[in-house]
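# mind folding the following:
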Amino acid sequence: MTARDALADLRRIAFLLERANEATYRVRAFRSAATTLAALPARELAARAKAGTLTELTGVGDVTARCVTESLSGEEPVYLRRLNATEGVDLDEATAALRSALRGDCHTHSDWSDGGSPIEEMALTAVELGHEYLVLTDHSPRLKVARGLTPARLRRQIEQVAAINAALPEGFRLLTGIEVDILADGSLDQEDELLAQLDVVVGSVHSGLADERAKMTRRMLAAVSNPHLDVLGHCTGRMVAGRPPGVTGPGDRGHRARTRPPSDFDAEAVFAACAEYDKAVEINSRPERQDPPKRLIRVAVEAGCRFAIDTDAHAPGQLDWQRFGCERAARCGVPADQVVNTWPVDELLTWTAGHAG
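Here you go, the predicted model:
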């Protein structure tokens, strides 16, 4: 039998485990093994598999070695076969139609902040998923637990994105961005000059989530009116479920498994402001967030808001979580043409540029 690509099989297993929200250590085992074995000449890899010495290499365990041996013998690894057989249920028609209309993802993280993978790996996974673009939105300085980017680091990241784009497949574009903290007074946690350079700015509240209703409403209204903000991220800040054992956070640094009630604010006023200033309300696809709740998505639809269905991915496998957001959006009657990441990249960028006047 013809040998399979053993490293591709290991990476596919890691992707499917991430997509299923499995424990981080399981994902890391397969991805680390793939990295180690990628440094070996093909002849040595085959010889070690035949001799049973793969586990002598750092980062290669019994399970990953068995998968490699099966791949090189021309068989789909049993571990991969089981994952493929249990990878999820079919999407219903409305959800599938909305998911197929999406062209990109406007909220993602890399290992520059609290994500778990390099920018290049996130971008190439987005290419494999059929995206036309991906917006890189690492955190801003005040969120120190997530290694938020200082102005100097953000400038370096902008330069790196340009270099990465030069090497990416034709027809795909990595966009610059940030998930900027909305501070207590509604201002945005980054220099205006830098925010003006970015393709897409997502603004989110990460602190003071228990503030009283009037204070939180003023804070969010100030942020929405800021010409640099394009997307209002996970607007209630709620957490509806903790993470599985062994999963320490999204990608994952500095996060603890927990539930958290939604913040209290005047949703009708905030969504009316989003419609007035032509800003998008994010439908966050993370399983533990499901933010906003469906009742608020319906309020935003009635207000005439635009939306962005985003993954808030902190690892490559999580980039395929958009189907969760699409299911909630479809249930709430969100029109596909009101979802900004169904637009071609040039249309998206024309829209964001218009906010700055």
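# which parts of the stretch 101-250 of the chain are strands?
104-108, 133-136, 173-181, 200-204, 231-232 (DSSP state E, counting those that start in this stretch).
# nearest to Glu22, of those?
Of all the strands of the stretch 101-250 of the chain, it is strand 104-108 that lies closest to Glu22, at 19.4 Å by C-beta to C-beta. Just so you know, the C-beta spots here come from the backbone N, C-alpha and C atoms, and that holds for glycine as well.
# what segments of the stretch 101-250 of the chain are helices?
119-128, 151-167, 192-197, 213-225 (DSSP state H, counting those that start in this stretch).
# list of residues touching the first one?
Taking C-beta atoms under 8 Å, 6 or more residues apart in numbering as the criterion, the residues outside helix 119-128 that touch it are 15, 104-105, 108, 110-112, 115, 133-134, 136, 157, 160-161, 164, 168-169, 172, 174, 313, 316-317, 319.
# any of the residues you listed buried? List them.
In these, burial by neighbour count holds for 15, 104-105, 108, 110-112, 115, 133-134, 136, 157, 160-161, 164, 168, 172, 174, 313, 316-317, 319, counting by 16 or more other C-beta atoms under 10 Å.
# list the helices and strands whichever strand or helix holds Glu268 packs on?
Per DSSP states H and E: Glu268 is located in helix 267-276. Using 3 or more C-beta pairs under 8 Å, 6 or more residues apart in numbering; DSSP states H and E as the contact test, the elements touching helix 267-276 are helix 213-225, strand 280-284, helix 294-303.
# CA-only coordinates of the longest one in PDB, if you can.
It stands for helix 213-225. Taking C-alpha atoms only, helix 213-225 is exported to PDB below (Å, rounded to 0.1, in the frame of the first residue of the first chain):
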ATOM      1  CA  ARG A 213     -26.600  49.000  34.200                       C
ATOM      2  CA  ALA A 214     -26.400  52.800  33.600                       C
ATOM      3  CA  LYS A 215     -22.600  52.800  33.900                       C
ATOM      4  CA  MET A 216     -22.100  49.900  31.500                       C
ATOM      5  CA  THR A 217     -24.500  51.400  29.000                       C
ATOM      6  CA  ARG A 218     -22.600  54.700  29.000                       C
ATOM      7  CA  ARG A 219     -19.300  52.800  28.600                       C
ATOM      8  CA  MET A 220     -20.600  50.800  25.600                       C
ATOM      9  CA  LEU A 221     -22.200  53.800  23.900                       C
ATOM     10  CA  ALA A 222     -19.000  55.700  24.100                       C
ATOM     11  CA  ALA A 223     -17.100  52.800  22.500                       C
ATOM     12  CA  VAL A 224     -19.600  52.300  19.700                       C
ATOM     13  CA  SER A 225     -19.400  56.000  18.800                       C
END
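# that one to strand 173-181, inter-axis angle?
With axes from the mean of the first three to the mean of the last three C-alpha atoms, to 10 degrees as the basis, helix 213-225 and strand 173-181 are set at 150 degrees to each other.
# circling back to that earlier point, and of the helices and strands packed on helix 267-276, who's closest to Phe265?
When the helices and strands packed on helix 267-276 are compared by C-beta to C-beta, helix 213-225 sits nearest Phe265, at 4.3 Å.
# next one: the closest one to chain centre, how far?
Its chain's C-alpha centre and that of helix 213-225 lie 25 Å apart, by C-alpha atoms, centre = their mean, to the nearest Å.
# change the start of the numbering to 14 and stick with it
Done: numbering now begins at 14, and the last item shifts to helix 226-238.
# give me the contact list for that helix.
When contacts are defined by C-beta under 8 Å, 6+ apart, helix 226-238 is touched by residues 195-201, 216, 218, 221, 224, 242, 245, 248, 276-279, 282-283, 286-287, 290, 292.
# switch the cut-off to 10 Å
193-201, 216-218, 221-224, 242, 245, 248-250, 276-290, 292, 294 (C-beta atoms under 10 Å, 6 or more residues apart in numbering).
# what of stretch 157-167?
122, 124-128, 151-156, 168-170, 189, 191-194, 202-204, 206-208, 210-211, 219, 262-264, 266-269, 327.
# what's the end-to-end length of stretch 214-221?
End-to-end distance of stretch 214-221: 21 Å, with C-alpha to C-alpha, to the nearest Å as the criterion.
# pull out the buried positions in it.
Residues of stretch 214-221 classed as buried by neighbour count (16+ other C-beta under 10 Å): Val214, Val215, Gly216, Ser217, Val218, His219.
# many thanks, I have nothing further to ask.
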